[in-house]
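Engineer: Using only what follows, build the 3D model:
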Amino acid sequence: MIKIGEKIPKSILRIKNEKIEEIITENIFVNCKTILFAVPGAFTPTCSAKHLPGYLEHYEKIIEKGVQKIICLSVNDPHVMKEWGKHNNVSNKIMMLSDSDCSFSKRIGLDHHYGAILGHRSLRFAMVIENNVLVKLFVDEVGVFKNSSAENLLLNL
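Structural biologist: Modelled structure (predicted):
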C-alpha cells in the first residue's frame, strides 16, 4: 500500500467529456492540493447515498481549507462515471475519473476483489495529495464507510 510521503505513481485515468480523454496522474496532481476519494462502484447504495453526496454537501468547506481539486475515482468505465456525475449534479465541483482497468488502484495497493457481483475494484478510500505526493490517507475496511467520508476529511485537513 502506498505510504505517506510517497509520490503518486504515474498512471493513466480516463474522463468522459465530449469524448473519452486519457489523463496522466502526474499532470492532475501537479502544483495543487487535491482530494481524491475512491468508491467501489458508481450507482451502488453507499457510494450514491453517502460517499459522493457528502463531498458535494461539504464542497465549499473543503475548498476553504485550501483544496484546489476534488476527484471521485471508481473502477467503472468513463461513460458510467459521467452519467453518475450528471445524476448527482456534480457540475464542475468534482472531477469524475475512471480507473476502468483498476490499474491505478492496484499500483497504489488499494484494490480489492469484491466477489462475483462487483469483481476487482478499488477499496473505499480518500487521500490528500500535494504536488504529486501523498500527504494523508484514509482507508475504510471492506463494507464500512467512515474514514473516507467528507466529514472525516474535513476534521483532518
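
Engineer: What's the mean pLDDT across stretch 104-114?
Structural biologist: For stretch 104-114, the mean pLDDT works out to 92.

Engineer: Stretch 44-61 now?
Structural biologist: For stretch 44-61, the mean confidence score works out to 89.

Engineer: any idea which helix is longest in this protein?
Structural biologist: Across the chain, the longest stretch assigned as helix under DSSP state H is helix 78-87.

Engineer: Tell me where the protein has helices.
Structural biologist: According to DSSP H, the helices that the chain contains are 25-28, 45-46, 52-57, 59-64, 78-87, 103-107, 150-155.

Engineer: Need these in a markdown table (columns: distance to M1 and mean neighbour count).
Structural biologist: For glycine as for every other residue, the C-beta is placed from the backbone atoms N, C-alpha and C. Listed next are the helices of the chain as a markdown table, based on distance: least, Cβ to Cβ, whole Å; neighbours: other Cβ atoms under 10 Å:
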| stretch | distance to M1 | mean neighbour count |
| --- | --- | --- |
| helix 25-28 | 17 | 16 |
| helix 45-46 | 22 | 12 |
| helix 52-57 | 22 | 18 |
| helix 59-64 | 24 | 14 |
| helix 78-87 | 24 | 18 |
| helix 103-107 | 11 | 19 |
| helix 150-155 | 18 | 17 |
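
Engineer: among the ones you listed, which is nearest V142?
Structural biologist: With Cβ to Cβ, the closest approach to V142 among these belongs to helix 45-46: 11.5 Å.

Engineer: Lowest-scoring secondary structure element of this protein by mean pLDDT?
Structural biologist: The least trusted helix or strand in the chain, going by mean pLDDT, DSSP states H and E, turns out to be helix 45-46, with a mean of 74.

Engineer: Go ahead and name everything in contact with that helix.
Structural biologist: Helix 45-46 has contacts (Cβ atoms under 8 Å, 6 or more residues apart in numbering) with 124, 145.
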